[in-house]
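Enquirer: How does the following fold in three dimensions:
(2 chains)
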Amino acid sequence: RKEVEQDPGPFNVPEGATVAFNCTYSNSASQSFFWYRQDCRKEPKLLMSVYSSGNEDGRFTAQLNRASQYISLLIRDSKLSDSATYLCVVNDAGDSSYKLIFGSGTRLLVRP
Amino acid sequence: DAGITQSPRHKVTETGTPVTLRCHQTENHRYMYWYRQDPGHGLRLIHYSYGVKDTDKGEVSDGYSVSRSKTEDFLLTLESATSSQTSVYFCAISESSWGAANEQYFGPGTRLTVT
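Expert: Have a look, this model is predicted:
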């Protein structure tokens, strides 16, 4: 079982749609959670950290469910520029807490 | 954007040759990381550094070595390049190793092809 699992997609949605991605992680002791965005042939860029209480940044909302060990990302009013791969990231636990474990990513295509 | 550069950005080399990739940061962050990214595998940690001259192995360290003689520079060396090391290599930095502060910022990447 992968430590961080994501649906690879692609999710193909029209502009203006709402789309949600889920991610599950295996280590219940993980403490840090992030969503990164990666454009084709570019480096990953931090989209947002995910906090226990959930957090929102404009059109993006992230939720954490520790009991079920999953993280979600909701994108409202999708824009063409949202087309990218979204990486779910979780830190390792214990002595390796500095390590981040990356999911393989979910690809989003927003069409006109 | 975080001040991270990588050089070279693209390289083609032959099997058996040594290759060194450089990561340079201007953020004075303590932690630096080298990852490789391959289709179907996501980002995998090769080596990391938690200070000058302090380095340790990641999950895919075989065939790679690193050095950090200054806070701003982290070098990755492929001792004798193999075709399986054809990949995109990313350097990352973080201010801390704990909590929300361990969010990492990435350089633009180096595309390495070993023929």
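Enquirer: What parts of chain A come near chain B?
Expert: Applying Cβ under 8 Å from any Cβ of the partner chain, one finds that chain A approaches chain B through A:4, A:31-32, A:34, A:42-46, A:49, A:51, A:87, A:91, A:97-100, A:102-105. Heads up, the C-betas are built off the backbone N, CA and C, glycines and all.
Enquirer: Go again with 10 Å.
Expert: Within chain A, the residues that sit near chain B (Cβ under 10 Å from any Cβ of the partner chain) are A:2-4, A:6, A:8, A:31-34, A:36, A:38, A:41-46, A:48-51, A:87-89, A:91-92, A:96-105.
Enquirer: Out of those, which end up buried?
Expert: For the residues of chain A next to chain B, a burial check counting by 16 or more other Cβ atoms under 10 Å in any protein chain shown picks out A:4, A:6, A:31-34, A:36, A:38, A:43-44, A:46, A:48-50, A:87-89, A:91-92, A:97-105.
Enquirer: So which residue is smack in the middle of chain B?
Expert: With distances taken as Cα atoms, centre = their mean, the residue of chain B nearest its centroid is residue B:34 (2.5 Å).
Enquirer: In the sheet, which residues pair with that one? Tell me.
Expert: Beta bridges link residue B:34 to residue B:47, residue B:91, judged by DSSP bridges.
Enquirer: my guess is it meets residue B:48, correct?
Expert: Yes. Shown here, residue B:34 and residue B:48 form a contact pair, counting by Cβ atoms under 10 Å, at 7.2 Å.
Enquirer: shared neighbours of those two, anything?
Expert: Common neighbours of residue B:34 and residue B:48, counting by Cβ atoms under 10 Å, 6 or more residues apart in numbering or on different chains, are B:55, B:58, B:61, B:66, B:74, B:92.
Enquirer: List the strands paired with the helix or strand of chain A with the lowest mean pLDDT, with their directions.
Expert: For chain A, scoring each helix and strand by mean pLDDT, DSSP states H and E identifies strand A:100-102 as the least confident one, at a mean of 90. Each strand pairing with strand A:100-102, determined using DSSP bridges, is listed with its direction: strand A:84-91 (antiparallel).
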